[in-house]
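Q: model this:
(chains A and B)
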Amino acid sequence: MLEAFVFATLLCGFFGIILKKNLLMKIISMDIMSTGAIAYYVLIASRNGLLTPILSDVKNGTYADPVPQAVILTAIVIGLSIQALMLVGVMKLARDNPTLETHEIEKSNTL
Amino acid sequence: MITLTLIWIALPFFIGFTSYLLPKLDRFLALLVAFISVGYGLQQCINPSSLTMQLVDHFGVTLIIDQLSGYFILTNGLVTAAVILYCWYTDKSTFFYTQTLILHGSVNAAFICADLISLYVALEVISIATFLLIAYPRSNRSIWVGLRYLFVSNVAMLFYLVGAVLVYQTHHSFAFGGLQGVPPEAVALIFLGLLIKGGIFVSGLWLPLTHSESETPVSALMSGVVVKAGVFPLVRIALMVGELDPIIRIFGVGTALLGVFYAMFEKDAKRMLAFHTISQLGFVLAAPEVGGFYALTHGLVKSALFLITGVLPSRSFKELQHKPIDTRLWIALAIASFSISGFPLLSGFGAKVLTMKNLLPWQVIGMNVAALGTAISFAKFIFLPRGGEEKVRPGFWPGMILLLAGLVVANVVYYEAYTVTNIIKPLATIFLGWLVYWFIIQRISVKLPRVLEQIDHLMGVMSVMLILLFWMVWA
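A: Model (predicted):
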C-alpha cells in the first residue's frame, strides 16, 4: 500500500517534468520525484523493523536497516545542491524570459 | 599501493579547493594534478596491479583498479592536461581551474568504482562540475544549455537510485556483481540511468546541443572524458555479469549506427563531432573487453578535434569550404581525422582492428557500416581547402602536440595489428568512404529533424527507453 503511494509520487514527479511548461514547475516536479526516490529508500530500510538502530544495553528490538538510510542522506544532499544551482540558473534566465516558458527559452537559445 | 591510490583520488579535490588560496598558481597546480593522473594511469596500463579495495564490511562498497581503469584514467589525465594548456594564456579565473580539477577528480573516481552508490556520487559530482563549466560564460544560452544538461542528468540518476535500492533489496549489497540475480526492473532502471549519462542511443540526444554550444575547452573535456564516465560502468558490468553482455553489445551497435547516420548529414562542425562522440561510444560498448584502448584513442582524437575547431574561422562547413585554413592546422586536423577513420600508423587503426576482432558474428555488418560512415563524415574535414595563414593562440600547440603524440605513441599497445590483411580493410573502408563523400554527400543537403532534442522530448524518450530496456532484460 505504502509502496504504491511512493511509486505514485515518483510517477507524479516524472509526469510533472514532462507535462509542465514552466521551468520553475519542472524543477519543483524534479524535487517531488526525488522525494519519491528518498521515500522508497526509507521504506526499504523499514522492512525489517522500525526502531532506530542504536547500540545500547536495552535488549535487541526490531531495528530498521541503517544502510539505505545512510545512502539516501547522500542523495538528499546532492539533490539539494543541484536544486540550488538550478534555481540560481533560473533566476538568471528569468531576467530575459520573465515567464520562464521552456518553449520560448528553447526557441531563443537553440538554433 | 592502496595509500598511493587514495592520495591520487583525493589530490584533485584538495588542490582544487586550495588553489583559491594561491590564485597565481592555479594553472600550474592544475597541470601538475593532470600529469600525476597521467603517471598513475600509465603505471596501471603497463604494470596492472589489479587492486580491489573493500571499503566497509559486507555492503559491497568496492573499488577496483585494473588495466581497464588504467586506460580510462590515462585518457582523463592527457585530455585534462591538453585542455589546461589550451587555456593557459587566456584569462580564465581560478574558478574555472578549480571546476576543471573537481571534474577531473570525480571522473577519476568514477573510473575505479565497482559499486552502485559510489558510482552515483561520482556521476552526480561530475554533473555539477560540468554544469558549472558549461555555464561559465554566464550568457543566457550557456545557462540554458547547462540547466538542460543538469536536469536530464539528475532525472537519469533518480531512476538509477530506484534501481540501486532494488538491487540492495535482493542482495543486501551494492556491488556491480550483484546485478546477477536481480529482478528485471532493477537492471532496466540502472541501465536507463547509465545509458542517459553515457549518451547512448536515442537517450543520448541531449549530447549534440550540450557539446556543441559550450566553449571549446569545455566541449573537449566533455567529449573527451565525461561521457566515458557514463560508459565505463556499462563496460565493467558487461565484463562482470555475462548475461547482460548481449544487451550492452546491441546498444553498442545501435548507437554507432545512429550517431554516424546523424553525423554524415551534419553541416555544423561541432555538432558533427558531438554526434561522432555518440557513435564512437557505441564502438567502445560493442566490444567491452577491449573498450579501454578504444576509449583512450577516442578521447585523444575527439579532444584534439574540438580544440582545432575552436581555432578554425567558422563552424559551418559551407563557409569553411571558401576560406583556406592554415597548413599546420590542416596537418593536425588530418592526423586526427585519419586516426579516427582507422588509418594505419596511428593508434585509431589499432583500436579499430582490435575492436573488430572482438566482435560477435552478428555485430560485424553493423560495425563495418558504422566505420564506413565514420570515414565519410571525416572526409568533410580532410577535404577542406588549405594554404591560408593564421595566428592561433599560444596555448594551442603544446596541448595539440601532447594529444597527437599520444596518438602515435599509443600504437605500441597493439602493434600486432600491423599485418597485410589488417591494413587492407581499413584502407579500403576509408577509400570507399571518400568516394561516397565525393559523389553523394557533398551534393545533397538533408536536414534531419531536431525535435527529439527538445527538453520535453528528452524526458519522454526516457520512459520509452525504460520500457524498451525492461523488455530487453526480461526476454
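Q: can you tell me how far residue B:325 is from chain A?
A: Taking Cβ to the nearest Cβ, to the nearest Å as the measure, residue B:325 and chain A are separated by 23 Å. Bear in mind the C-beta positions are built from the backbone N, C-alpha and C, glycine included.
Q: bridged to that residue, which residues?
A: Counting by DSSP bridges, residue B:325 forms beta bridges with residue B:386.
Q: buried ones in the helix-or-strand element of chain A with minimal mean pLDDT?
A: For chain A, counting by mean pLDDT, DSSP states H and E, helix A:102-109 ranks last in confidence among helices and strands (a mean of 78). Buried residues in helix A:102-109, counting neighbours by 16 or more other Cβ atoms under 10 Å in any protein chain shown, are found at A:102, A:105-106, A:109.
Q: can you list phi and psi of residue B:267 for me?
A: Backbone dihedrals for residue B:267, given as degrees, to the nearest 10, come out at phi -110, psi -10.
Q: likewise residue B:30?
A: Taking degrees, to the nearest 10, you get phi -60, psi -40 for the backbone angles of residue B:30.
Q: point out the residues in chain A that sit beside chain B.
A: Taking Cβ under 8 Å from any Cβ of the partner chain as the criterion, the neighbours of chain B within chain A are A:10, A:14, A:17-18, A:23, A:26-27, A:30, A:33-34, A:37, A:40-41, A:44, A:47, A:67-68, A:71, A:74-75, A:78-79, A:81-82, A:85-86, A:89-90, A:92-93, A:96-97, A:102, A:105-106, A:108-111.
Q: list only buried entries from these.
A: With neighbours counted by 16+ other Cβ under 10 Å, the residues of chain A next to chain B contain buried members at A:10, A:14, A:17-18, A:23, A:26-27, A:30, A:33-34, A:37, A:40-41, A:44, A:67-68, A:71, A:75, A:78-79, A:82, A:85-86, A:89-90, A:93, A:97, A:102, A:105-106, A:109-110.
Q: so how many other residues sit close to residue B:108?
A: Residues within reach of residue B:108, counting by other Cβ atoms under 10 Å in any protein chain shown, total 28.
Q: tell me which of the buried ones among the residues of chain A next to chain B fall in helices.
A: Cross-referencing these with the helices (criterion: DSSP state H) gives A:10, A:14, A:17-18, A:23, A:26-27, A:30, A:33-34, A:37, A:40-41, A:44, A:67-68, A:71, A:75, A:78-79, A:82, A:85-86, A:89-90, A:93, A:102, A:105-106, A:109 as the overlap.
Q: mean confidence score for the helix or strand containing residue B:186?
A: In the assignment (DSSP states H and E), residue B:186 maps to helix B:184-198. Mean per-residue pLDDT for helix B:184-198: 92.
Q: who touches that helix?
A: B:116, B:123, B:152-153, B:156-157, B:159-164, B:166-167, B:170, B:179, B:201, B:203-204, B:206, B:227, B:229-231, B:233-234, B:244, B:247, B:251, B:281, B:462, B:465-466, B:469-470, B:472-474 (Cβ atoms under 8 Å, 6 or more residues apart in numbering or on different chains).
Q: low-confidence ranges, the chain, go.
A: In the absence of a named chain, this looks at chain A. For chain A, the stretches flagged by pLDDT under 70 are A:110-111.
Q: correction: the question concerned chain B.
A: Using pLDDT under 70 as the threshold, the predicted model of chain B has low-confidence ranges B:56-58, B:441.
Q: on contacts alone, who are the packing partners of the helix or strand where residue B:378 lies?
A: Residue B:378 belongs to helix B:364-382 when assigned by DSSP H and E. Helices and strands in packing contact with helix B:364-382 are listed as helix B:245-264, helix B:269-286, helix B:327-341, helix B:347-357, helix B:420-436; criterion 3 or more Cβ pairs under 8 Å, 6 or more residues apart in numbering or on different chains; DSSP states H and E.
Q: which residues of chain B fall in strands?
A: Using DSSP state E, the strands found in chain B span residues B:51-54, B:62-65, B:325-326, B:386-388.
Q: can you lay out those as CSV showing mean neighbour count and distance to residue B:449?
A: Putting the strands of chain B into CSV (neighbours: other Cβ atoms under 10 Å in any protein chain shown; distance: least, Cβ to Cβ, whole Å) gives the following:
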stretch, mean neighbour count, distance to residue B:449
strand B:51-54, 14, 47
strand B:62-65, 21, 42
strand B:325-326, 20, 31
strand B:386-388, 12, 34
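Q: what sits against residue B:168?
A: Neighbouring residues of residue B:168 by Cβ under 8 Å, 6+ apart: A:44, A:67-68, B:174.
Q: equivalent analysis for residue B:64, please.
A: For residue B:64, the set of contacting residues under the criterion of Cβ under 8 Å, 6+ apart consists of B:50-53, B:112-114, B:236.
Q: any idea which of these is closest to chain A?
A: Distance ranking of those against chain A, using Cβ to the nearest Cβ, places residue B:113 first at 13.7 Å.
Q: now do the contacts for the residue nearest to residue B:426 when sequence neighbours are not counted.
A: For residue B:426, ignoring the flanking residues on the chain, the nearest one in space by Cβ to Cβ, 6 or more residues apart in numbering or on different chains is residue B:342 at 3.9 Å. If you count contacts by Cβ under 8 Å, 6+ apart, residue B:342 has them with B:348-349, B:352-353, B:371, B:374-375, B:426, B:429-430.
Q: and residue A:23, by the same measure?
A: By Cβ under 8 Å, 6+ apart, the contact list for residue A:23 reads A:90, A:93, A:100-102, A:105, B:147.
Q: widest-spaced pair of these?
A: Between any two of the contacts of residue A:23, the greatest separation by Cβ to Cβ is 14.0 Å, found for A:101 and B:147.
Q: those two - which one has more neighbours?
A: It is residue B:147, of residue A:101 and residue B:147, that has more neighbours when counted by other Cβ under 10 Å, with 26 against 13.
Q: returning to what we had before: and of the contacts of residue B:168, the nearest to residue B:37?
A: If you rank the contacts of residue B:168 by distance to residue B:37 using Cβ to Cβ, residue B:174 comes first, at 26.0 Å.
Q: doesn't residue B:461 make contact with residue B:156?
A: No: the pair residue B:156 / residue B:461 is not scored as a contact, 11.3 Å apart, by Cβ atoms under 8 Å.
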